[in-house]
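> With the input below, show me the fold.
(chains A and B)
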Amino acid sequence: MGENILEFNGVKKEYKDAETIVVSLNGINFKFIKNSLNLINGFTGSGKTTIFNLITLMDIPTQGNIFLDDVILSGLSTSERTILRRKKIGSFLRCGNLMPYLSVLENVMLPMITNDSKKALKILEVVGLSDKIDAFPEDLSSYEKQTTALARAMINDPLIIVADEPFGDLDDENTLKLIKLLNKIKNKTLFIILSDSDYLKQCFDRVLILKNGKIVENKN
Amino acid sequence: MEIYRLSYKNLRRNSWRNFSTVIRIAFGVVILILLLSSGIGLKTFLKEEQSLTTNLISNQTKQTSNLNLTSKELLNSGVDFVNSTFGLNLTNFQAMGFISSILTNVIYLVDVLASLIFLVGIFGITYAMDMNLLERKREIALLKLMGFTTFQVAFTHLLEAALLGFIGAIVGSILGVLTIFVVNHFIEIISISVILPLWLPILVIILTALLSALIALISVWFNTKIDPLGVLRYG
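Purely as a prediction, here's the structure:
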């Protein structure tokens, strides 16, 4: 796969809903390369969250294969997927979803495999939160919550960081600020952002547009 | 940060609910220690009185300790009083047998009561853990999204239940032991080391922590087996 880190090959995902079968992804193909910032854009119901679930190994495809760093994910057991998720995949969601009773530093260190506070402090410095390490989520702005969640996603040096609607709670100014930050740190990992905000397209290295479970546009 | 440190951190949340749980457990532990100590005290008393009666029969002239002498006089006058009041002709040995059987039944009853009150107190943990876990479904889903296994997430919450039980047991044991010391100061029947053996509070503390985790197991198991995707999507 060369520089490719993530590949979706004919991935189909169906959900059984009472008596009907809902097709969420309909045989999609794409590849993402290292150190890039990518956007998967689409309206609600287009299949973005399904892609998030598949990339984070929280779900498995009905058909097709997903490759992560040349490893085929289809044959992995639940425990193998859990280990891989912790080591190689970082993720964050809308509004950060931080633990309210933990400080910023503790939140960032929570998923850490090696208990190294120096590393956490360094990452917090990169995302611009050095002066907030002892603050609690309730004292943070929406932007700071998202950057804390981003720092937490980065803590185990994952191959991929995937974010589902990370700009949902941010105004335009802070959205652009966060994208600027992602562009600054993208040389360390592959970022995949799932969002319905199509005005952001020009800020990304690559944009996939999703509609009704199919990729309708794939451009650099 | 170790995920298991969350157990300790979680104790600070819902402080009023956790405090009331600790108080309930502590109350159960106080009653357990008091009643078990009373039982142990009664058993020891019975053993001493049985040896006293044997002494009376085998060697009437043999001198016993001051404590036994007092008890002997007490027993003699008690039996004399019963015999004269009810027109009976009970010997000291027969009277001791009768008292023994009553006290043995009292000990059993006291043990059952102590266990029941203790269990009622400790079962309060199920409500606290149910409520705690219900409020934390999204956090549990997030922990799974971060790559923690169901076992790790469940163990964190079992540890939290054990910590609640442990704190409750420590508080209860301190209060129970203090009560026994105070009571023993006014009613000096028997040596405190006999009525309150060291193993009793230690055993109660370990047992309470383990039982708390065990009782919380069902609630923890069901709440951590959730589908994280459903929780993250629909809350």
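
> could you dump stretch A:125-142 to PDB, C-alpha only?
Extracted C-alpha coordinates of stretch A:125-142, given in PDB (Å, rounded to 0.1, in the frame of the first residue of the first chain):
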ATOM      1  CA  GLU A 125       1.900  22.700  24.600                       C
ATOM      2  CA  VAL A 126       1.600  21.800  20.900                       C
ATOM      3  CA  VAL A 127      -2.200  22.300  21.000                       C
ATOM      4  CA  GLY A 128      -1.800  25.500  23.100                       C
ATOM      5  CA  LEU A 129      -3.200  24.400  26.400                       C
ATOM      6  CA  SER A 130      -0.100  24.700  28.600                       C
ATOM      7  CA  ASP A 131      -1.700  27.200  30.900                       C
ATOM      8  CA  LYS A 132      -4.800  25.100  31.300                       C
ATOM      9  CA  ILE A 133      -3.400  21.800  32.600                       C
ATOM     10  CA  ASP A 134      -5.100  22.000  36.000                       C
ATOM     11  CA  ALA A 135      -8.400  23.400  34.700                       C
ATOM     12  CA  PHE A 136     -11.600  21.300  34.600                       C
ATOM     13  CA  PRO A 137     -13.800  20.900  31.500                       C
ATOM     14  CA  GLU A 138     -16.500  23.200  32.900                       C
ATOM     15  CA  ASP A 139     -13.900  26.100  33.000                       C
ATOM     16  CA  LEU A 140     -12.900  25.600  29.300                       C
ATOM     17  CA  SER A 141     -14.300  27.200  26.200                       C
ATOM     18  CA  SER A 142     -15.700  25.000  23.400                       C
END
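
> Need the residues that contact it.
With contact meaning Cβ atoms under 8 Å, 6 or more residues apart in numbering or on different chains, stretch A:125-142 is reached by A:95-96, A:98-105, A:107, A:121, A:124, A:144-145, A:147-148, A:150-151, A:154, A:169-170, A:174, A:181, A:185. C-beta here means a position set from N, CA and C on the backbone, and glycine is covered the same way.

> For chain A, what lies in contact range of chain B?
Contact residues (Cβ under 8 Å from any Cβ of the partner chain) of chain A with chain B: A:49, A:53, A:56, A:58-59, A:79, A:82-87, A:89, A:91, A:93, A:97, A:99, A:101-102, A:106, A:109-112, A:115, A:152.

> Give the buried subset of these as a ChimeraX selection command.
Buried residues among the residues of chain A next to chain B (16 or more other Cβ atoms under 10 Å in any protein chain shown), as a ChimeraX selection:
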select /A:49,53,56,58,59,82,84,85,86,89,91,93,97,99,101,102,106,109,110,111,112,152
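
> which among the contacts of stretch A:125-142 end up buried?
Applying 16+ other Cβ under 10 Å to these flags A:95-96, A:98-99, A:101-105, A:107, A:121, A:124, A:144-145, A:147-148, A:150-151, A:154, A:169-170, A:174, A:181, A:185 as buried.

> So which of these belong to strands?
Counting by DSSP state E, these place none of their members in strands.

> what about B:Phe27, neighbour count?
Applying other Cβ atoms under 10 Å in any protein chain shown, we find 19 residues neighbouring B:Phe27.

> Now do the contacts for it.
Applying Cβ under 8 Å, 6+ apart, we find B:Phe27 in contact with B:Ile117, B:Gly121, B:Gly172.

> Could you confirm B:Thr179 falls within a helix?
Yes. Residue state for B:Thr179 (DSSP: H, G, I helix; E, B strand; the rest coil) corresponds to a helix.

> That one contacts B:Val30, correct?
Yes. Contact criterion Cβ atoms under 8 Å: B:Thr179 and B:Val30 qualify, at 6.9 Å.

> Take the contacts of B:Phe27 and lay them out in CSV including neighbour count, pLDDT and secondary structure.
CSV is the format used below for the contacts of B:Phe27 (neighbours: other Cβ atoms under 10 Å in any protein chain shown; pLDDT from 0 to 100; DSSP: H, G, I helix; E, B strand; the rest coil):
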residue, neighbour count, pLDDT, secondary structure
B:Ile117, 18, 83, helix
B:Gly121, 23, 82, helix
B:Gly172, 29, 93, helix
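
> which residue ranges form the helices in chain B?
Counting by DSSP state H, residue ranges of the helices within chain B are B:5-11, B:15-58, B:66-86, B:92-135, B:137-145, B:150-186, B:192-195, B:199-224, B:228-234.

> ok, of those helices, where does mean pLDDT dip lowest?
Lowest mean pLDDT of the helices of chain B: helix B:192-195, a mean of 55.

> The nearest residue in space to A:Lys16 that is not next to it in sequence: how many residues sit nearby?
Of all residues not flanking A:Lys16 in the chain, A:Val22 sits nearest, at 7.8 Å (Cβ to Cβ, 6 or more residues apart in numbering or on different chains). A:Val22: 12 surrounding residues under other Cβ under 10 Å.

> How about the contacts made by the residue in chain B positioned nearest to chain A?
Closest residue of chain B to chain A, Cβ to the nearest Cβ: B:Gly147 (2.5 Å). Contacts for B:Gly147 (Cβ under 8 Å, 6+ apart) come out as A:Thr82, A:Ile83, A:Leu84, A:Arg85, A:Arg86, A:Lys87, A:Ile89, A:Pro111.

> Using the three-state scheme, assign the second one.
I take that to be A:Ile83. Here A:Ile83 is recorded as helix under three-state DSSP.

> mind checking how far the nearest residue to A:Ser74 once chain neighbours are set aside is from A:Leu6?
Excluding the flanking residues, the one nearest A:Ser74 by Cβ to Cβ, 6+ apart is A:Asn65, at 5.5 Å. Per Cβ to Cβ, to the nearest Å, A:Asn65 is found 12 Å from A:Leu6.

> More neighbours: which of those two?
Taking other Cβ under 10 Å, A:Asn65 and A:Leu6 do not tie; A:Leu6 has more neighbours (23 against 14).

> what's near enough to touch that one?
Shown in contact with A:Leu6 (Cβ under 8 Å, 6+ apart): A:Lys31, A:Phe32, A:Ile55, A:Ile66, A:Phe67, A:Leu68, A:Leu159, A:Ile160, A:Leu190, A:Ile192.

> Relative to B:Lys225, how far out is the nearest residue to A:Arg85 once chain neighbours are set aside?
The shortest distance from A:Arg85 to any non-neighbouring residue, by Cβ to Cβ, 6+ apart, is to B:Gly147 (4.1 Å). Distance of B:Gly147 to B:Lys225, computed by Cβ to Cβ: 17 Å.
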